[in-house]
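requesting a structural model of the entry that follows:
(one chain, ligands or ions: 1)
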Amino acid sequence: MTGPGAGDAAPGARRLLLLIGAVGAGKGTQAELLSRELGLPHLASGNLFRQAMRDGTPLGEEARAYMERGDLVPDGVTIAMLTEELAKPDASRGAILDGFPRTAGQAEALDAVLAGQGERIGAAIYIDVPTDELVERVSGRWVCPECGTPYHRRSDPPAETGICDKDGTPLTQRGDDRPDVVRARLDKQVPPMLEVVEHYRRAGVLERIDGDRSIDEVGEAILELLRR
Ligand code: AMP
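Next comes the predicted model:
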């Protein structure tokens, strides 16, 4: 039997964990791993918005213009969407939140909703990766426009540069993954993210993880802190 770890919920309470990190930090990957390991749903705000857009709901239509410009969707709709997800039976044992809260205002609103239910965030896990490494990771992504196979210039290159291994199609890069655009996205995203980090540091639930390591090493470090 192991004792209680960081982010453990009190008996009968939900276990609510946050993953915080910039684009390319690997928080989506780690959220998936944690979700499987802990048996908790992975609630990614970006995925929820994309699903709403595909479904053509009013929420999706409202989010579309902001997302297409790479801007944040306003706090009001974002908070309402996540509050609704957290009230669903799927999240009755807890959840792993990925991409939310993204602003100090969202963090405060989430705290208020949870406090109203006698709940709080168990741990806010900040996956910290240096900016140059984030640019290298994101701008190295290439994809086959034909079959969708993803590649990475450094970590997962195709046998022949720029050509899909599976069907020989020339690989393409997403417009917003070009190095200059990645830097611009980071310039916009990082300041509000650091406010969220500071919010949870003050609340005493922040756990910083060195994200400049392999996926497995980062995953192990997160599980280790949750066991602590
Ligand atoms: P992501 O998949 O996390 O990169 O999110 C894609 C887009 O969805 C972002 O660029 C924002 O436009 C929007 N989005 C996702 N999460 C949030 C959030 N917590 N607050 C505001 N906008 C968000």
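
who are the contact partners of the nearest residue to residue 159 once chain neighbours are set aside?
Closest residue in space to residue 159, ignoring its immediate chain neighbours: residue 165 at 5.5 Å, by CB to CB, 6 or more residues apart in numbering. For every residue, glycine as well, the C-beta is placed using N, CA and C. Neighbouring residues of residue 165 by CB atoms under 8 Å, 6 or more residues apart in numbering: 149, 158-159.

which element is residue 165 on?
Assigned by DSSP states H and E, residue 165 falls within no helix or strand.

how near is it to residue 49?
The spacing between residue 165 and residue 49, counted by CB to CB, to the nearest Å, is 32 Å.

with residue 169 instead?
For residue 169, the distance to residue 49 - CB to CB - is 29 Å.

just to revisit the earlier point, which one of the contacts of residue 165 is nearest residue 176?
residue 149 (19.4 Å; CB to CB).

contacting residues for the closest one?
Counting by CB under 8 Å, 6+ apart, residue 149 has contacts 143, 164-166.

buried subset of those residues as a PyMOL selection?
Only the buried entries of these go into this PyMOL selection, using 16 or more other CB atoms under 10 Å:
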select buried, resi 143+164
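
with pLDDT added, can I get the contacts of residue 149 in CSV?
Shown next, in CSV, are the contacts of residue 149 (pLDDT from 0 to 100):
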residue, pLDDT
143, 92
164, 97
165, 97
166, 97
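
quick check: mean pLDDT of the longest helix along the chain?
Ranked by residue count, the top helix of the chain under DSSP state H comes out as helix 179-202. Mean per-residue pLDDT for helix 179-202: 92.

near the ligand, which residues of the protein?
45-46, 49, 66-67, 70-73, 78, 99-100, 102, 106 (CB under 6 Å from any ligand atom).

and if we set it to 8 Å?
23, 28, 44-50, 63, 66-67, 69-75, 78, 82, 98-103, 106, 189 (CB under 8 Å from any ligand atom).

would you agree residue 136 is in contact with residue 154?
Yes - applying CB atoms under 8 Å, one finds residue 136 in contact with residue 154, separated by 7.0 Å.

tell me which residue of the chain lies closest to the ligand.
In the chain, the residue found nearest to the ligand is residue 46; the distance is 2.1 Å by CB to the nearest ligand atom.

list phi and psi for that residue.
Main-chain dihedrals, residue 46, degrees, to the nearest 10: phi -60, psi -40.

let me see the contact set for it.
Contacts of residue 46 (CB under 8 Å, 6+ apart): residue 99.

lovely, talk soon.
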